[in-house]
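In: Okay, sequence plus prediction incoming.
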Number of protein chains: 2
Amino acid sequence: MTRRLGYLGPAGSNTELAALKHDGRALLLPFGSNRAVAGAVDAGTTDEGVVPIENSLQGAVTDTVDMLIHDYDLLIRHEIILPIEHLLMARAGTDLDDVEVVFSHPQALGQCRVFLAERLPGAELVASLSTSASVEDMQQSDRTAAAIATSRAAELYRAEVIAEDIQDNPNNTTRFVVLAAADHRPTGRDKTSICFDFSEDAPGQLFSVLEEFAKRRINLTKIESRPTRQDLGRYIFLVDLEGHRGDNEISAALEAVRRHVSMFKILGSYPVGAP
Amino acid sequence: MTRRLGYLGPAGSNTELAALKHDGRALLLPFGSNRAVAGAVDAGTTDEGVVPIENSLQGAVTDTVDMLIHDYDLLIRHEIILPIEHLLMARAGTDLDDVEVVFSHPQALGQCRVFLAERLPGAELVASLSTSASVEDMQQSDRTAAAIATSRAAELYRAEVIAEDIQDNPNNTTRFVVLAAADHRPTGRDKTSICFDFSEDAPGQLFSVLEEFAKRRINLTKIESRPTRQDLGRYIFLVDLEGHRGDNEISAALEAVRRHVSMFKILGSYPVGAP
């Protein structure tokens, strides 16, 4: 049976590109928010769901991270690493120099600041709900408009690309995760994501957790903190580490960590993604 | 001479409230972005600048954090802890039930989701550049509009408050920092902020840094990671710790940390702020 794969839509978004990279034969179902994608997996409406979790320039997608911590018990089954390329597109025959208004998601506008300042210093920048929605906004505008979106959005919405590769920083990569009811079996080259917090504030608590990994020579690929939403200065920590939760050393470390912390949640073990 | 204090404007913003809390007699100068506030301090146009750095619900203000890491060598001289209260305001005589459109900064709209869904389910939500700008947007709208902003904005722009305390979560607190050319002398109850990264990825690097603090019983109040903007998976760490960089133990720990890391920057020592 064809796999049903939810993603942060609409069609033409970078998340759709990530979903296609993950499984080009799946039935792709667009949803309006990261939360709706997770909800569909949770309800069994889709088998898996693809959401962005981290960008090399902007950092964590906090909406996704907070949702995994607080709202769902879904597991990460895969990660997908996708280089992000922004293109400027417009209605057929539009000249770059005539563009009066540029639509895009604020993050994309922010990632193309240098291009916009140098080539379109007089253009008004208008926020759209997503890069692909910005192509529709552009097509419905009564001014000479352009949109910043993906090559796939240009194709789907039949827009004409008028400038390529317009992002300020070439090292623009987004990491997506595939959420499912179960995580992945061990493959020999895996990562595990966990989160935890502490019931009270005492010196060295985080240190005692990291010590459990360090003494077993387990490499941490990421550590970040998110607010507990209760008190300023109280945090939930997210850690990504190399290895599968089924590995002996990892499993022993996680058991030991559990004894140091208050809340503890395994977010999943999954194969390391390749760019 | 009166102190010149830059802040993220316009007048009526939460940052203005924080600036007033910090020094009610200073000459307050509004700027259009966190970056412009820092630039003014850097250029000596203002003595100090107030910018938000962290919210108890949303986490780090990444724009501020990244600016301190990458773009300026300013120091944190104070922190200001401010409880955030959102009010709904409109033109005089507006009835809550008639409101068709609500303007505010997207963060404020996001923090009042429950109120908006329950009391104004049909209203369109429109993003403004700041909460205070949303009051102007509301006043210039040709529809029956409301804005979510501070009590001070209602006062300054003579808007009528039509609902108070509309935020979903009562634990909504923002931490601001006061930037200056020099940080604060020791007061006996201080914090120090630092950031650092590693030149290569090896197991236990962060652990070896935290060990320097743990073995000296230095309490870390915060640890977070930001992207280096070079590679996905390479991070800059920000650590807040209890104590002043002039204290013997702290100073020894910082010297030891310096030997473990590649980039190292002291962001300042300053008195612990009170809510």
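Out: Perfect, I can see it now.

In: beta partners of the spatially closest residue to residue A:59 that is not a sequence neighbour?
Out: With sequence-adjacent residues excluded and distances taken as C-beta to C-beta, 6 or more residues apart in numbering or on different chains, residue A:59 is closest to residue B:227, at 5.0 Å. In short, each C-beta sits where N, CA and C put it, glycine included. Beta bridges link residue B:227 to residue B:235, judged by DSSP bridges.

In: tell me the contacts of residue B:227?
Out: Residue B:227 makes contact with A:55, A:56, A:57, A:58, A:59, B:234, B:235, B:236 under the criterion C-beta atoms under 8 Å, 6 or more residues apart in numbering or on different chains.

In: now swap in residue A:265 and tell me
Out: A:69, A:194, A:195, A:196.

In: State the helix or strand in which it lies.
Out: strand A:264-271 (DSSP states H and E).

In: I'd like the mean pLDDT over that strand, please.
Out: Mean pLDDT, computed over strand A:264-271, is 98.

In: Please apply the same query to stretch A:19-32.
Out: 95.

In: Can you point out the buried residues in that stretch?
Out: A:19, A:20, A:22, A:23, A:26, A:28, A:29, A:30, A:31 (16 or more other C-beta atoms under 10 Å in any protein chain shown).

In: Tell me the one of those nearest chain B?
Out: Comparing those against chain B with C-beta to the nearest C-beta places residue A:22 closest, at 16.8 Å.

In: can you pull the contacts of that closest one?
Out: A:5, A:50, A:78, A:80, A:176, A:178.

In: let's go with 10 Å and repeat that
Out: Listed by C-beta atoms under 10 Å, 6 or more residues apart in numbering or on different chains, the contact set of residue A:22 reads A:3, A:5, A:7, A:28, A:48, A:50, A:77-80, A:82, A:176, A:178, A:273.

In: Any of these buried? List them.
Out: A:5, A:7, A:28, A:48, A:50, A:77-80, A:82, A:176, A:178, A:273.

In: Among the residues you listed, which ones are in strands?
Out: Among these, the members found in strands (DSSP state E) are A:5, A:7, A:28, A:48, A:50, A:77, A:78, A:79, A:80, A:82, A:176, A:178.

In: and the residues you listed near chain B, which?
Out: residue A:82 (C-beta under 10 Å from any C-beta of the partner chain).

In: from the ones in strands among the buried ones among the contacts of residue A:22, which single one is nearest residue B:172?
Out: Residue B:172 lies nearest to residue A:176 out of those, by C-beta to C-beta, at 30.1 Å.

In: Secondary structure of residue A:206: a strand, I assume?
Out: No - if the criterion is DSSP: H, G, I helix; E, B strand; the rest coil, then residue A:206 is helix and not within a strand.

In: wait, it sits on residue A:212?
Out: No - using C-beta atoms under 10 Å, residue A:206 is not in contact with residue A:212, being 11.2 Å away.

In: out of those two, which sits in the more crowded spot?
Out: Per other C-beta atoms under 10 Å in any protein chain shown, whichever of residue A:206 and residue A:212 has more neighbours is residue A:206, with 24 against 19.

In: From the buried residues of stretch A:19-32, which land in helices?
Out: In this view, the buried residues of stretch A:19-32 that belong to helices under DSSP state H are A:19, A:20, A:22.

In: okay, stretch A:52-66 in PDB with CA atoms only?
Out: Extracted in PDB, the C-alpha atoms of stretch A:52-66 (Å, rounded to 0.1, in the frame of the first residue of the first chain):
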ATOM      1  CA  PRO A  52      11.400  21.300   9.700                       C
ATOM      2  CA  ILE A  53      13.300  21.200  13.000                       C
ATOM      3  CA  GLU A  54      16.500  23.200  12.400                       C
ATOM      4  CA  ASN A  55      18.100  25.600   9.900                       C
ATOM      5  CA  SER A  56      21.900  26.200   9.600                       C
ATOM      6  CA  LEU A  57      21.300  30.000   9.700                       C
ATOM      7  CA  GLN A  58      18.200  30.500  11.900                       C
ATOM      8  CA  GLY A  59      18.700  27.700  14.400                       C
ATOM      9  CA  ALA A  60      15.900  25.600  15.900                       C
ATOM     10  CA  VAL A  61      12.400  25.700  14.500                       C
ATOM     11  CA  THR A  62      11.100  26.300  18.000                       C
ATOM     12  CA  ASP A  63       7.400  25.600  17.000                       C
ATOM     13  CA  THR A  64       8.400  22.000  16.000                       C
ATOM     14  CA  VAL A  65      10.700  21.500  19.000                       C
ATOM     15  CA  ASP A  66       8.100  22.700  21.600                       C
END
